[in-house]
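Visitor: quick one: sequence and predicted model below, then my questions.
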Amino acid sequence: MQLPNPLKTPSLLQKLQWVNDPVSYMENAAQQYPDIFTGKIIGFGDTVVFVNHPKAIQEILTNDRKKFAAVGELNGILQPLLGNYSVVMLEGDRHKRQRQLVTPSFHGERMQAYGQLVCNVSEKIFSQLPLNKPFLARNLTQDISQQVILQAIFGLYEGEKIQKLRQLLPLLLELFQSPFTSSLFFFSFLQQDLGAWSPWGKFLRNREQIDQFLYTEIAECQQQADPERIDILSLLISCRDEAGQPMTVQELRDQLITLILAGYETTASAMAWGLYWIHQKPLVHEKLLQELDTLGDSPDPMSIYRLPYLTAVCNETLRIHPVTMFSFPRVVQEPVELLGHPLEPGTVLLPSIYLTHQREDLYPQPNEFQPERFVERQFSPYEFLAFGGGARRCIGEALALFEMKLVLATVLSRYHLALVDRHPERPKRRGFTLAPSSGVKMVITGRRARQESLVNMTTTPIS
């Protein structure tokens, strides 16, 4: 059966374009076929149907596990990082079980407990920066998000033990630095351990050291059960499924590494994009400061979280530059029709978050940063899907948004920042995500003093 709108570019060239510049690959294809097209890419099998029409995405996500299934083996490209028992790799009842065990970590009182931590870490890291000396915002936001997620998971981010992990994690993700090094995940024949100095060999040795840390922490936490601990590791160890069974040590390891990597790589890029756009648009910056000033000098984190314009700014940041390009692939389970195209069982569908967020009919002037669109209109979960959707919607969504809002609010309230240059920041592949290509180069020009008038602002030197 003919698949919908197959691209005519030779298969090998498509694969190379997809790995090297996925944004251009998707945009060029969508110019020919705005709603649905078939590509020959790598990572989810050979042939994938890209879908970016909200009605089609709604059809896919509301029939999750029935007509369309998220098959774990399609995410096999992530196995070297996450292991076999990660919630990302599982499907069906096993996926549902792990998700139910992990989800409580990101809701209720636990979220509020993270609030002051986020503000404190943000202030600590930015306060160490010298005045008028350029820095890469992406590096700082990664440092912040790493400290926050490690504190949330292990209950600590200071001390010799956790410092070792903090040094190892960036080394593990060195393969994400560029599309070229990321290709090791896409082309399995490149995954050769040629010793500690080879890229894959170095990756395997860093992973082994991180695993040693994780297994040690799991064992210590199991032996020293403390009902007062509120960290995620303690919660995962204490929780039981419907049959009364705890997670195995391997399941715990795979969930922990999934939460660590997902919890700081993606959030770091989102916050860096936020700083970029806010300082690229003076009117957005001014309006945001006026809203933040209404909360006073020491606002409650939950009050910050509920600010409507800050929420709109974060949503528009995630709309114009979604960190994740697509939702998890789905496999057709029975003969169906999508947007008038018949599809046979086994067809792989990829709901494209990036292309949906760039649709002119949903977001007029989609390349323009306009937070007001999220004030004026409520978008459906099939029109705005920065965190995916259906049974595979991001578990850490609440924490990621909470952290993003608190970091931006803390930094903007206390410092005057400026972009070093006005060259547009382009998205580029960073492993399986999109990040600012230049890292967002900025400077701190002064410390901000809030004025009761909400408008008058003074700049004082940083002491």
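Guide: All right, it came through fine.
Visitor: for residue 195, see how far away the closest residue to residue 174 other than its chain neighbours is.
Guide: Nearest non-adjacent residue to residue 174, counting by CB to CB, 6 or more residues apart in numbering: residue 181, 7.0 Å away. C-beta: built from backbone N, CA, C; applies to glycine. Going from residue 181 to residue 195 by CB to CB, to the nearest Å gives 17 Å.
Visitor: again with residue 350
Guide: 36 Å.
Visitor: which secondary structure elements does the one helix or strand residue 291 maps to contact?
Guide: According to DSSP states H and E, residue 291 maps onto helix 282-293. With contacts taken as 3 or more CB pairs under 8 Å, 6 or more residues apart in numbering; DSSP states H and E, helix 282-293 sits against helix 249-280, helix 308-320, helix 397-414.
Visitor: and of those helices, who's closest to residue 381?
Guide: helix 397-414 (11.3 Å; CB to CB).
Visitor: OK, contacts around residue 301?
Guide: With contact set as CB atoms under 8 Å, 6 or more residues apart in numbering, residue 301 has these partners: 112, 115-116, 118-119, 402, 406.
Visitor: and the strands in this protein, which stretches?
Guide: 36-40, 47-51, 68-69, 135-136, 330-332, 336-338, 341-343, 348-351, 415-419, 427-430, 433-436, 441-449, 458-460 (DSSP state E).
Visitor: just the ones you listed: most buried one?
Guide: With neighbours defined as mean count of other CB atoms under 10 Å, the strands of the chain peak in mean count at strand 348-351, which reaches a mean of 24.
Visitor: pairing partners for it, with directions?
Guide: Neighbouring strands of strand 348-351 in its sheet, by DSSP bridges, are strand 47-51 (parallel), strand 330-332 (antiparallel).
Visitor: now the ones you listed as JSON lines including mean pLDDT and distance to residue 308?
Guide: As requested, the strands paired with strand 348-351 are exported to JSON lines (pLDDT from 0 to 100; distance: least, CB to CB, whole Å):
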{"stretch": "strand 47-51", "mean pLDDT": "96", "distance to residue 308": "31"}
{"stretch": "strand 330-332", "mean pLDDT": "92", "distance to residue 308": "34"}
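Visitor: with distance to residue 341 as extra columns, can I get these in CSV?
Guide: Listed next are those as CSV, based on distance: least, CB to CB, whole Å:
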stretch, distance to residue 341
strand 47-51, 8
strand 330-332, 11
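Visitor: these: which one's closest to residue 360?
Guide: Between residue 360 and the strands paired with strand 348-351, the tightest spacing by CB to CB is seen for strand 47-51, at 17.2 Å.
Visitor: state the distance from residue 46 to residue 39.
Guide: Distance from residue 46 to residue 39, counting by CB to CB: 10 Å.
Visitor: more neighbours: residue 181 and residue 195, which one.
Guide: Shown here are residue 181 and residue 195; by other CB atoms under 10 Å, residue 181 has more neighbours (16 against 10).
Visitor: where's that one relative to residue 27, distance?
Guide: Taking CB to CB, one finds residue 181 at 23 Å from residue 27.
Visitor: also residue 434?
Guide: Applying CB to CB, the value for residue 434 to residue 27 is 12 Å.
Visitor: ok, now residue 380?
Guide: 23 Å.
Visitor: ok, now residue 278?
Guide: For residue 278 relative to residue 27 (CB to CB), the value is 25 Å.
Visitor: higher neighbour count, those two?
Guide: Under the criterion of other CB under 10 Å, the comparison of residue 278 against residue 27 puts residue 278 first, with 23 against 13.
Visitor: tally of neighbours for the nearest residue to that one once chain neighbours are set aside?
Guide: Distances taken as CB to CB, 6+ apart place residue 285 nearest to residue 278, at 5.2 Å, with adjacent residues excluded. Counted by other CB under 10 Å, the residues lying close to residue 285 total 16.
Visitor: pretty sure residue 285 contacts residue 275?
Guide: No. With contacts counted by CB atoms under 8 Å, residue 285 stays clear of residue 275, the gap being 10.2 Å.
Visitor: how close does the closest residue to residue 328 other than its chain neighbours sit to residue 354?
Guide: Spatial nearest neighbour of residue 328, chain neighbours left out: residue 392 (4.2 Å); criterion: CB to CB, 6+ apart. Counting by CB to CB, the gap from residue 392 to residue 354 is 17 Å.
Visitor: still on that earlier bit, for residue 364, which of the strands of the chain is the nearest?
Guide: Among the strands of the chain, strand 427-430 sits nearest to residue 364 (CB to CB), with 20.7 Å.
Visitor: flag the shaky bits of the stretch 351-463 of the chain, pLDDT-wise.
Guide: Counting by pLDDT under 70, the ranges of the stretch 351-463 of the chain that qualify are 450-463.
Visitor: for the chain, give me the ranges with low pLDDT.
Guide: Along the chain, segments meeting pLDDT under 70 span 1, 64, 72-75, 89-90, 104-110, 156-158, 450-463.
Visitor: so what's the residue nearest in space to the middle of the chain up against?
Guide: Residue closest to the average C-alpha location in the chain (CA atoms, centre = their mean): residue 266, at 2.8 Å. Each residue near residue 266 by CB under 8 Å, 6+ apart is listed here: 323-324, 400, 433.
Visitor: mind running it again at 6 Å?
Guide: Listed by CB atoms under 6 Å, 6 or more residues apart in numbering, the contact partners of residue 266 are 323, 433.
Visitor: equivalent analysis for residue 445, please.
Guide: By CB under 6 Å, 6+ apart, the residues touching residue 445 are 416, 418.
Visitor: mind listing the helices for the stretch 101-250 of the chain?
Guide: For the stretch 101-250 of the chain, applying DSSP state H, counting those that start in this stretch gives helices covering 109-127, 137-154, 160-172, 179-186, 199-223, 232-238, 249-280.
Visitor: having no further points to raise, I will conclude here.
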